[in-house]
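In: can you look at this prediction? I've put the sequence above it.
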Amino acid sequence: MNFQEIVDILKSNDNFTILTHKSPDGDTLGSGFALWHFLKNMGKKANVLNSEELPDRYSFMYEGYASEEFEEKFVVAVDIADPNLIGSRLAQYQQPGAVDLCIDHHISNKQFAKKTYVDGDASAAAMLIYKVIKASGEKMTDIMAKCLYTGISTDTGCFKYENTTPEAHIIAAELMAYNIDYANVNRMMFDVKSHGRIQAEQQVISNMKYYFGGRCTMIVLTKQLMAQCGADQSEFDGLASVPLCVEGVDIGITVKERHTDYYKISVRTTDKLNASEFCQRFGGGGHIRAAGCEIKGKLDDVVKMLLDEAAKLFE
C-alpha cells in the first residue's frame, strides 16, 4: 500500500476502532489520538482503545475525548507489531482477521492485520500518520500536530536515539510551526519527574547488576519496589534507558514484574548489538536498538534465561 491507498480506505469506511498497544507510550497514543482527531474532523465515528488505563502524563492528548456508541465496522492498529501487544483485556482483537489495517514502524511486525503498512526506517509510527494526514489533503490541526510531535519526540528520545533520521527532524520541524508548545512537551516528557520516579531511579541504580566484564547491565523492577515508590506505572517504562547509560555497556536489560511470575523485558543496545534479534529469541521483537518481550516464570529463572542468552553475545 501507499499513503493515498490508506487515505482512500479511511475515507471509504466509518465506525472506527483505533487500537493502541498495552503499556502505552507517546508514539502509540500520539498516533492513535492524532488519527482519531483526523477521522472526527472528516465526520467519522471513532473510538481509541487501550487495554490499560491511560497515563496521566499524556492527558493533553485525550482531554475532551469521549467514547461513542456505534456498531464497529473497521479496526485500525497503530504502532502495534504483534497482536499480543494489544493486551488480554482486548483479546477479541488478537484473533486472526480481527484487525483490518495496521500502520506500524517495527521491523518485527507479525503481519497480523488484513492490510499492513510497515516502514521499518521510520523513527516513529507518528511519522506515518503524519504522512497519511498530509496525503489526504485535510487540514492538520494544532492538536493533531501536538500528538504527532509527541510521538516522534518520545520514540527518538528527544531526537538523540540512533533511530532519529533526517526525515524525523524535518517532520518535527514542520509540526513545530503549529501552536503545540513543543518546549513544554519535551520538558514534561523528559525532564519533569515525580517523587516516586526519583525514588525508583535511586533504587534501581543502587541495585543495578553488571555482567560480562561490565558490557551488560540489568535492573529489576518488582511490584513491591514499584508500590514502595508510589509512582505511576507509566513512569517506570522510562527507566529502560538507564542500564545503557553506563560507560562500556553494550546491552542494558530491564526486567519489570507485571503480574506474579510474568515479566516485561525491555532491551536497549549500542550499535554493536541487535536488540530486536535478542528479544525475538523470547517471542518478542522491536527495533534494532530498542526492543522488548515478555517472559513467564520465577524471577530467578527469568534472569538466568536472559543472562544465558546474553552470554552468547560475548562469546
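Out: Okay, I see it. Residues are numbered from 1 along each chain as shown.
In: quick one: buried residues of the one helix or strand T28 maps to?
Out: In the assignment (DSSP states H and E), T28 maps to helix 26-41. Neighbour-count burial for helix 26-41, counted by 16 or more other CB atoms under 10 Å, picks out 26-39, 41. Every C-beta, even on glycine, is put in place using the N, C-alpha and C of the backbone.
In: likewise stretch 13-27?
Out: Within stretch 13-27, the residues that count as buried by 16+ other CB under 10 Å are 13-14, 16-27.
In: now do stretch 111-131
Out: Buried residues in stretch 111-131, counted by 16+ other CB under 10 Å: 112-113, 116-118, 122-131.
In: where do the helices of the stretch 201-315 of the chain begin and end?
Out: Using DSSP state H, counting those that start in this stretch, the helices of the stretch 201-315 of the chain run over 223-229, 233-237, 275-280, 299-311.
In: among those, which is the most enclosed?
Out: Mean neighbour count, computed with mean count of other CB atoms under 10 Å, is highest for helix 275-280 among those, reaching a mean of 21.
In: so how far is that one off the chain centroid?
Out: Counting by CA atoms, centre = their mean, to the nearest Å, helix 275-280 is centred 16 Å from the centre of its parent chain.
In: what mean pLDDT does that helix have?
Out: Averaged across helix 275-280, pLDDT comes to 95.
In: what is that helix packed up against?
Out: In terms of contacts (3 or more CB pairs under 8 Å, 6 or more residues apart in numbering; DSSP states H and E), helix 275-280 is packed against strand 262-269, strand 285-286, strand 290-296.
In: who wins for proximity to F159 among those?
Out: With CB to CB as the criterion, F159 lies closest to strand 290-296 of those, at 14.5 Å.
In: what is that closest one packed up against?
Out: Counting contacts by 3+ CB pairs under 8 Å, 6+ apart, strand 290-296 is packed against strand 262-269, helix 275-280, strand 285-286, helix 299-311.
In: how far off centre is stretch 182-196?
Out: Chain-centre distance of stretch 182-196: 17 Å, with CA atoms, centre = their mean.
In: now it: average pLDDT?
Out: Mean pLDDT, computed over stretch 182-196, is 91.
In: list the buried ones in that stretch?
Out: Going by 16+ other CB under 10 Å, stretch 182-196 has these buried residues: Y182, V185, N186, M189, G196.
In: which one of these is nearest to F314?
Out: Distance to F314, by CB to CB, is smallest for M189 among the buried residues of stretch 182-196, at 33.6 Å.
In: about what we covered before: from the buried residues of helix 26-41, which is closest to E315?
Out: Closest to E315 out of the buried residues of helix 26-41 is D27 (34.5 Å), distances taken as CB to CB.
In: ok, the closest one - contacts?
Out: D79, A124, A125, A126, G151, I152, T154, D155 (CB atoms under 8 Å, 6 or more residues apart in numbering).
In: returning to what we had before: C-alpha coordinates for the helix holding T28, CSV please?
Out: The C-alpha trace of helix 26-41 is given here as CSV (Å, rounded to 0.1, in the frame of the first residue of the first chain):
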residue,chain,number,x,y,z
GLY,A,26,3.9,8.6,23.5
ASP,A,27,4.1,7.1,20.0
THR,A,28,1.1,4.7,20.1
LEU,A,29,-1.1,7.3,21.9
GLY,A,30,0.1,10.2,19.8
SER,A,31,-0.5,8.2,16.6
GLY,A,32,-3.9,6.9,17.9
PHE,A,33,-5.3,10.2,19.0
ALA,A,34,-4.0,12.1,16.0
LEU,A,35,-5.8,9.6,13.8
TRP,A,36,-8.9,10.0,16.0
HIS,A,37,-8.9,13.7,15.6
PHE,A,38,-8.3,13.3,11.8
LEU,A,39,-11.3,10.9,11.4
LYS,A,40,-13.6,13.0,13.6
ASN,A,41,-12.8,16.1,11.5
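In: against which helices or strands is the helix or strand following it packed?
Out: Sequence order places strand 46-49 as the next helix or strand after helix 26-41, per DSSP H and E. Counting contacts by 3+ CB pairs under 8 Å, 6+ apart, strand 46-49 packs against strand 16-19, helix 26-41.
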